[in-house]
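>>> missing the sequence, but the structure's below:
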């Protein structure tokens with residue numbers, strides 16, 4: 001069965017409908033949970049019993065759109081990825097990794113429940129992409145087959161008329177800056193969506209949306225890297241959060257007003273953490289340490305680094321090419 005979704009061309013947010021509209025309806029354009037359901041908490045277990053946790057979000061690679069000017073229509077999803085930070089996966093501990101887990105949302109009579117999907121180490125090496133020999137702190141895990149098979153199984157087991165799994169919301173190339181009339185400039189508000197300190201709406205299984213301010217002039221590279229800064233204080237668990245522009249359904253351009261009937265936004269990048277300035281060196285009883293002076297700003301890798309990561313070889317492919 002092909003993976004298909006409905007895209008409203010004037011509304012670039014992609015809502016997954018992998019089976020049928022009757023079983024997995026896409027949320028309506030005015031659904032307040034659309035932004036929140038872009039994300040999933042992720043966790044990685046290691047052999048020594050330690051765990052790394054953070055935020056991930058969904059990204060769709062879509063088939064070429066052969067009829068872009070016809071209004072709402074169907075477009076095939078070629079790939080589904082979970083995007084997060086490389087440092088959350090701890091590549092230096094990859095040999096001792098046990099499994100990687102992301103979550104879908106399942107509606108039950110007592111509220112929304114997580115439906116965890118586990119990826120064993122051997123499969124993760126085949127499915128995970130990073131940009132080799134690069135500081136880009138982005139990892140893309142191909143979850144296409146896992147999501148499709150999980151949704152099909154859940155749909156078969158669901159009671160007639162019930163939603164098996166909540167629709168996946170994802171960003172795609174249609175949310176990239178330059179793909180619509182929306183624009184972003186230094187000083188604009190941005191929204192960071194994730195799970196700081198793993199805080200969550202436990203009943204609805206939704207993340208936290210926090211507002212920040214774009215500091216770096218848009219398009220410029222902070223400190224020469226493919227990232228920019230936002231005025232935003234992150235916490236443990238925020239790593240991997242998606243960063244988007246302030247949603248709006250009304251813009252003014254060339255002294256004319258435009259609307260598309262539903263709030264639209266731009267996918268700006270992926271939050272990676274908080275840069276710091278080296279501080280004083282202190283001689284403690286057992287060790288010498290250097291303070292990290294932080295200024296409550298966040299580092300965000302540009303949206304295009306996600307596509308660069310997806311286009312890079314998987315870890316398994318890279319390892320095999322080195323052996324040849």
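Perfect, thanks for sending it. Since we're looking at a predicted model, the values are computed, not measured.

>>> Relative to residue 39, how far out is the residue of the chain most remote from its centre?
For the chain, the C-alpha farthest from the mean C-alpha position belongs to residue 285; by C-alpha atoms, centre = their mean, that distance is 42.5 Å. Separation of residue 285 from residue 39 (C-beta to C-beta, to the nearest Å) stands at 42 Å. Yep, even glycine has a C-beta here, placed from its N, CA and C like the rest.

>>> ditto for residue 109
In this structure, residue 109 and residue 39 are 24 Å apart, going by C-beta to C-beta.

>>> Neighbour count for the two, which is higher?
Legend: neighbour count by other C-beta atoms under 10 Å for residue 109 and residue 39, higher for residue 39 (26 against 5).

>>> in the sheet, who's paired with that one?
Following DSSP bridges, residue 39 is listed with bridge partners residue 57.

>>> Pretty sure it sits against residue 241.
Yes - the pair residue 39 and residue 241 qualifies as a contact (C-beta atoms under 8 Å) at a distance of 7.4 Å.

>>> So for those two, which residues contact both of them?
By C-beta atoms under 8 Å, 6 or more residues apart in numbering, residue 39 and residue 241 have these common neighbours: 55, 57, 193, 194, 195, 207.

>>> how about those residues in a markdown table, adding secondary structure, distance to residue 317 and pLDDT?
Below are these laid out as a markdown table (DSSP: H, G, I helix; E, B strand; the rest coil; distance: C-beta to C-beta, whole Å; pLDDT from 0 to 100):
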| residue | secondary structure | distance to residue 317 | pLDDT |
| --- | --- | --- | --- |
| 55 | strand | 26 | 95 |
| 57 | strand | 24 | 97 |
| 193 | strand | 31 | 94 |
| 194 | strand | 29 | 93 |
| 195 | coil | 30 | 92 |
| 207 | coil | 32 | 90 |
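
>>> hmm, which two among these are most spread apart?
Spanning the widest gap among the shared contacts of residue 39 and residue 241 are 57 and 195, at 10.9 Å by C-beta to C-beta.

>>> For those two, indicate the residue with more neighbours.
residue 57 (28 against 25).

>>> so who does the more buried one touch?
With contact taken as C-beta under 8 Å, 6+ apart, residue 57 is in contact with 38-40, 82-84, 170-171, 193, 240-242, 270.

>>> got a list of what residue 42 touches?
Taking C-beta under 8 Å, 6+ apart, one finds 53, 54, 55, 56, 82, 84, 88, 100, 101, 102, 103, 240 in contact with residue 42.

>>> Select, from these, the two members most distant in space.
The largest separation in those, counting by C-beta to C-beta, is between 88 and 103 at 14.7 Å.

>>> For residue 101, see how far away the residue sitting nearest the centre point of the chain is.
Closest to where the C-alpha atoms of the chain average out (C-alpha atoms, centre = their mean) is residue 57, at 2.3 Å. Distance, residue 57 to residue 101, using C-beta to C-beta: 15 Å.

>>> ditto for residue 35
In this view, residue 35 and residue 101 are 23 Å apart by C-beta to C-beta.

>>> next one: residue 112
Separation of residue 112 from residue 101 (C-beta to C-beta): 17 Å.

>>> now do residue 252
Distance from residue 252 to residue 101, by C-beta to C-beta: 44 Å.

>>> When those two are compared, which one has more neighbours?
residue 101 (19 against 8).

>>> Since that was my last question, I'll sign off now.
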